[in-house]
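In: The sequence isn't on hand, but the structure is:
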């Protein structure tokens, strides 16, 4: 599991990859409706692709995590490197556990906040 960690201001960085849930810090998780070609994928976040509405979802989750006293948050499309088949398979197989173990679940409405 790879988390995003909010820094000062509006910047976020990835944490290390946590293998066991015992090592994972408390985190918020984002629940949202996917929008075709608007999601911020792992690659898009690395490349700094702008102009996608998915950035608003990430910003929302970062702000909620910070508001709730959590330094880490997780969103499936940008925290999973889908080019790595092992990581993608693990993400899909572990999704229920990651939602179950989250300290907070942030729901982003499909029509925005």
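Out: Looks like it arrived, so ask away. Quick caveat, the model's predicted, so the values are computed rather than measured.

In: Could you pull out the buried residues of the helix or strand harbouring residue 4?
Out: Element membership for residue 4 (DSSP states H and E) is strand 2-6. Judged by neighbour count (16 or more other Cβ atoms under 10 Å), strand 2-6 contains these buried residues: 2, 3, 4, 5, 6. In short, each C-beta sits where N, CA and C put it, glycine included.

In: and what of stretch 42-62?
Out: 42, 44, 45, 52, 54, 55, 57, 58, 60, 61, 62.

In: so how far is the first residue of it from its last?
Out: 16 Å (Cα to Cα, to the nearest Å).

In: Can you name every helix or strand that the lengthiest helix in the chain contacts?
Out: For the chain, the longest helix by residue count, based on DSSP state H, is helix 85-101. Judged by 3 or more Cβ pairs under 8 Å, 6 or more residues apart in numbering; DSSP states H and E, the packing partners of helix 85-101 are strand 27-32.

In: residue nearest the centroid of the chain?
Out: Nearest to the geometric centre of the chain sits residue 75, at 2.1 Å (Cα atoms, centre = their mean).

In: OK, contacts around that residue?
Out: By Cβ atoms under 8 Å, 6 or more residues apart in numbering, the contact list for residue 75 reads 4, 29, 30, 32, 40, 57, 58, 61.

In: follow-up on the earlier one: tell me the angle the longest helix of the chain makes with strand 27-32.
Out: Here helix 85-101 points in a direction 100 degrees away from that of strand 27-32 (axes from the mean of the first three to the mean of the last three Cα atoms, to 10 degrees).

In: Identify all contacting residues around the very next helix or strand once past helix 85-101.
Out: Where DSSP H and E defines the elements, the next helix or strand beyond helix 85-101 is strand 104-108. With contacts defined as Cβ under 8 Å, 6+ apart, strand 104-108 is touched by 28-33, 57, 60-61, 64-65, 68, 70, 73, 99.

In: what do you get if the cut-off is 7 Å, keeping everything else the same?
Out: Strand 104-108 is contacted by residues 28, 29, 30, 31, 32, 57, 60, 61, 64, 68, 70, 99 when judged by Cβ atoms under 7 Å, 6 or more residues apart in numbering.
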